[in-house]
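Chemist: Could you work out the structure for the sequence below:
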Amino acid sequence: MAAYTTVIGGLAASARISGREIPGDLPVKDVALFALATHKLSRLLAKDPVTSPLRAPFTAYQGTSGPAELQEEVRGSGARKTVGELITCPFCTSVWVATGFTAGLIYLPRATRLAMATLAALAGADMMHFVHGWLQRKASQEAG
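Modeler: A predicted model of the protein is given here:
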């Protein structure tokens, strides 16, 4: 909590000092883009095999938990355990990811929107993979 509060305070102070505009009302399409991108990046960071080396100092591999997702056990104690809990929980990670995107919209809005659009497209592609797999299973069941 202290680290998060410090980050938020630093971002707010930096925005004020630099005269950056804080976005006002976000259009619904931006909120949807924000949500999809936050979801995808949070899951990439907390569950994806590609990012497991980043989590390795704080976790122990337990197996898979779903398509392209790992199940990892948090290890250690104190700060190590705290970081492990944070980086293996997509819900916990999403708070930091959304905060990062918010900062990005203040400091680098075009690059942030491009990154969010890319991640939202990946989230959409993931959903299409699940739908495709479901349709294939359904077709196999009906044929057999």
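Chemist: buried set for the host helix or strand of residue 44?
Modeler: According to DSSP states H and E, residue 44 maps onto helix 28-47. Buried residues in helix 28-47, counted by 16 or more other C-beta atoms under 10 Å: 33-34, 36-47. All C-beta atoms are positioned from the backbone trio N, CA, C, and that covers glycine.
Chemist: right, and the secondary structure at the closest residue to residue 62 other than its chain neighbours would be what?
Modeler: Using C-beta to C-beta, 6 or more residues apart in numbering and skipping the chain neighbours, the partner closest in space to residue 62 is residue 71 (4.4 Å). Going by DSSP: H, G, I helix; E, B strand; the rest coil, the secondary structure assigned to residue 71 is strand.
Chemist: quick one: residue 71 and residue 55 touch, right?
Modeler: No. Using C-beta atoms under 8 Å, residue 71 is not in contact with residue 55, being 11.5 Å away.
Chemist: So between these two, which is more surrounded?
Modeler: Shown here are residue 71 and residue 55; by other C-beta atoms under 10 Å, residue 55 has more neighbours (21 against 13).
Chemist: gap between the helix ranked longest in the chain and the chain center?
Modeler: Across the chain, the helix with the greatest residue count (assigned by DSSP state H) is helix 109-143. Here the centre of helix 109-143 is set off from its chain's centre by 16 Å, with C-alpha atoms, centre = their mean, to the nearest Å.
Chemist: now this protein, which segments are flagged as low pLDDT?
Modeler: Along the chain, the model assigns pLDDT under 70 to no residue.
Chemist: and if we set it to 80?
Modeler: 144 (pLDDT under 80).
Chemist: Grab the longest strand from the chain for me.
Modeler: If you go by DSSP state E, the chain has its longest strand at strand 59-66.
Chemist: Direction included, what does that strand pair against?
Modeler: Sheet pairing of strand 59-66 (DSSP bridges) gives strand 69-74 (antiparallel).
Chemist: Whatever helix or strand comes next after the strand it pairs with relative to strand 69-74, how many degrees between them?
Modeler: Following strand 69-74 in sequence order, the next helix or strand is helix 79-87 (DSSP H and E). If you take axes from the mean of the first three to the mean of the last three C-alpha atoms, to 10 degrees, helix 79-87 sits at 150 degrees to strand 69-74.
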